[in-house]
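Chemist: sequence and predicted structure below; questions after.
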Amino acid sequence: MTDPIDLADLAFWRQPPARREAAFARLRAREGLAFFPERRVPLLRKGSGFHAVARHADVVEASRNPKLFSSEPSVSTPEPPGWVKHVFGEALVNMDDPRHARLRRIVARAFTPKMLAKLEDDLRRAAAEIVDDVLAEGPGDFVRQVAARLPIRVICDMVGVPQRDRARVHRRVDVSTEYTGVRADLVRTLRMAAGNVYALVDLQRLVVRLGRERRGRPGDDLVSALVNADHDGERLTWRELGSFFTLLLVAGNETTRNALAYGLKLFTDSPDQREHLLGDYDARIKGAIEEIVRHATPIMQFRRTVTRDCELGGQELTRGDKVALLYVSANRDETVFKEPDVFDVTRDPNPHVGFGGPGPHFCLGANLARREMTVMFRELFTRLPDIRSAGEPVLLESNFDNGVTRLPYTF
């Protein structure tokens with residue numbers, strides 16, 4: 001007898017990954033799309049429910065049709081209360097065109113090849129300093145010592161956050177990361193929510209202060225590029241700047257942080273894959289990064305709202321219906337990936353949706369995340385050739401963020 005599946009029950013997401021993956025396989029094999037009524041979660045809206053989009057082809061189809069599968073009003077499940085957008089502004093991921101296209105066009109300046117090339121030296125220096133500190137401190141928790149440090153350091157370099165403010169940024173992001181986890185009870189939720197609101201407001205105040213300093217007196221940093229008009233006269237408002245900065249810190253941090261942690265565990269459990277990679281690192285790291293992201297799927301799902309009656313995956317949908325795009329399931333679809341549970345750095349093709357499905361909402365920071373992982377793994381495997389995980393990762397309890405909170409390691 002198989003266990004019942006209820007993706008709306010937070011207990012489902014507390015299960016070990018292997019049990020969740022078995023459940024997703026059953027969802028992929030069924031006809032149509034399974035529907036899950038939503039439950040009440042403290043401080044969040046109780047919706048009518050959602051259809052689970054578990055198959056790769058269906059996730060790709062919905063991603064390519066944003067006019068039919070809308071990101072508004074929210075991509076999270078359950079949906080946050082309405083006051084959130086009034087306090088923090090609307091995030092890019094929760095917008096459709098034309099608003100989405102305008103903001104994406106402006107913030108894309110952060111991820112041009114020229115901007116990423118400028119970051120290369122900073123990135124290499126950051127990776128080297130992190131390994132210096134690891135050698136001085138000794139092995140302990142890979143997330144705290146390595147995976148969590150690199151992306152925040154890189155984002156602060158991009159934005160031009162002064163050294164005096166960086167510890168503050170780290171503390172605020174840690175609080176925000178904790179809140180993305182499962183809300184277990186009202187008391188804990190209230191405590192976490194209060195801390196999260198304070199952290200995000202403080203981060204937005206910080207970047208707006210930097211923006212005011214650099215409007216009209218630009219420096220060689222991302223904030224300067226975003227608050228000063230380009231040749232078309234486009235720039236972010238203060239509210240948009242604050243919202244983008246918090247999105248960049250939370251989303252940009254989590255993808256790289258979790259992929260680095262999962263990567264070390266995967267290479268430890270599959271020493272043949274590590275040996276193959278190190279046989280020609282520069283030629284093989286690109287495929288290895290894609291396979292790590294597929295296997296880990298750092299962001300497990302996004303929600304979409306149906307804008308008109310349609311059909312998806314053999315399921316009739318009605319305007320206003322909610323669908324959950326389960327990237328974590330699509331990346332193990334056996335009709336697309338041969339032996340999907342196997343970690344194979346030579347996998348080709350590898351059409352994973354670990355950075356989101358194809359279409360306008362594909363992750364803007366994907367190339368930055370790939371570069372961060374490439375540089376960090378090179379530094380680790382060069383200077384700590386026998387580095388390996390020393391136990392199972394401690395996972396964040398979340399239905400959204402496939403997070404690693406702790407990973408013991410040694411070298």
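Modeler: Perfect, I can see it now.
Chemist: residue 317: how many residues sit nearby?
Modeler: 19 (other C-beta atoms under 10 Å). Every C-beta, even on glycine, is put in place using the N, C-alpha and C of the backbone.
Chemist: who's the nearest residue to it once chain neighbours are set aside bridged to?
Modeler: Leaving aside its sequence neighbours, residue 317 sits nearest to residue 306 (C-beta to C-beta, 6 or more residues apart in numbering; 4.8 Å). Counting by DSSP bridges, residue 306 is bridged to residue 69.
Chemist: and residue 306, what does it touch?
Modeler: Shown in contact with residue 306 (C-beta atoms under 8 Å, 6 or more residues apart in numbering): 68, 69, 70, 317, 318, 319, 320, 321, 322, 323.
Chemist: which residues sit against whichever strand or helix holds residue 164?
Modeler: Residue 164 belongs to helix 163-179 when elements are defined using DSSP states H and E. Helix 163-179 is contacted from outside by 148, 152-153, 156, 161, 192-193, 195-196, 198-200, 202-203, 206, 246, 249-250, 253-254, 396, 401, 403, using C-beta under 8 Å, 6+ apart.
Chemist: which helix is the longest one in this protein?
Modeler: Ordering each helix of the chain by length in residues (DSSP state H) puts helix 238-269 first.
Chemist: buried ones in that one, by neighbour count?
Modeler: Buried positions in helix 238-269, judged by neighbour count with 16 or more other C-beta atoms under 10 Å: 238, 240-268.
Chemist: what's the first helix or strand after that helix?
Modeler: Per DSSP H and E, helix 238-269 leads on to helix 271-279 as the next helix or strand towards the C-terminus.
Chemist: show me what that next one is packed against.
Modeler: Packing contacts for helix 271-279, counted by 3 or more C-beta pairs under 8 Å, 6 or more residues apart in numbering; DSSP states H and E, involve helix 238-269, helix 281-296.
Chemist: and the residue nearest the centre of this protein?
Modeler: residue 255 (3.9 Å; C-alpha atoms, centre = their mean).
Chemist: my read: that residue touches residue 370, true?
Modeler: No. Contact criterion C-beta atoms under 8 Å: residue 255 and residue 370 do not qualify, at 10.0 Å.
Chemist: just to revisit the earlier point, quick one: the longest helix of the chain to helix 281-296, angle?
Modeler: 100 degrees (axes from the mean of the first three to the mean of the last three C-alpha atoms, to 10 degrees).
Chemist: rounded mean pLDDT for helix 238-269, please.
Modeler: Averaging pLDDT along helix 238-269 yields 90.
Chemist: same deal with stretch 302-316?
Modeler: What stretch 302-316 shows for mean pLDDT is 96.
Chemist: over to stretch 344-354?
Modeler: 97.
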